[in-house]
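In: The following comprises the amino acid sequence and a computationally predicted model.
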Amino acid sequence: MNILENKLAKDPYNKLIFEQGIRAKNLFFDKDLDLMLVVLNNGKVLHFKISDFPRLQNATFSQLSDWTLEQGGIAVSWEELNEDLSVKGFLKQAAMNEVFYHLAVVA
């Protein structure tokens, strides 16, 4: 096993994606609520603020809706907006959002 393979094997997000097959399946947007939902192929739903993504925040609903799944669902691309986001990035951001939410509730 080379260094890159070893690093990939130890990364929990890579394990979810490459060993457990987690993929994006669908996306939904509500501009009024500043909300983007990412539906995964295991039924889990990740939620984000559209405004957290600079290239998406000023996009029209039509532009937001014009996305494609790439690489078998491990990435999402908006060609017109020149934006590509990965499932790994979504998972990392969702984990960070959870940590900050629980820290805020405890504080």
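Out: All right, it came through fine.
In: is the residue nearest to residue 65 when sequence neighbours are not counted in a bridge, and if so with what?
Out: Excluding its sequence neighbours, the residue lying closest to residue 65 (Cβ to Cβ, 6 or more residues apart in numbering) is residue 29, at 6.7 Å. Every residue, glycine included, has its C-beta placed from N, CA and C. Beta-bridge pairing for residue 29 (DSSP bridges): residue 36.
In: Next, give phi and psi for the residue nearest the centre of the chain.
Out: In the chain, the C-alpha closest to the average C-alpha coordinate belongs to residue 90, at a distance of 2.5 Å (Cα atoms, centre = their mean). Note on residue 90: its backbone torsions stand at phi -60, psi -40 [degrees, to the nearest 10].
In: Let me see the contact set for it.
Out: By Cβ atoms under 8 Å, 6 or more residues apart in numbering, the residues touching residue 90 are 24, 38, 46, 48.
In: Same question for residue 75.
Out: Here residue 75 is in contact with 24, 69, 84, 85, 86, 87 (Cβ under 8 Å, 6+ apart).
In: still on that earlier bit, mind listing which of the contacts of residue 90 are in strands?
Out: 24, 38, 46, 48 (DSSP state E).
In: Farthest pair within these?
Out: 24 and 48 (12.3 Å; Cβ to Cβ).
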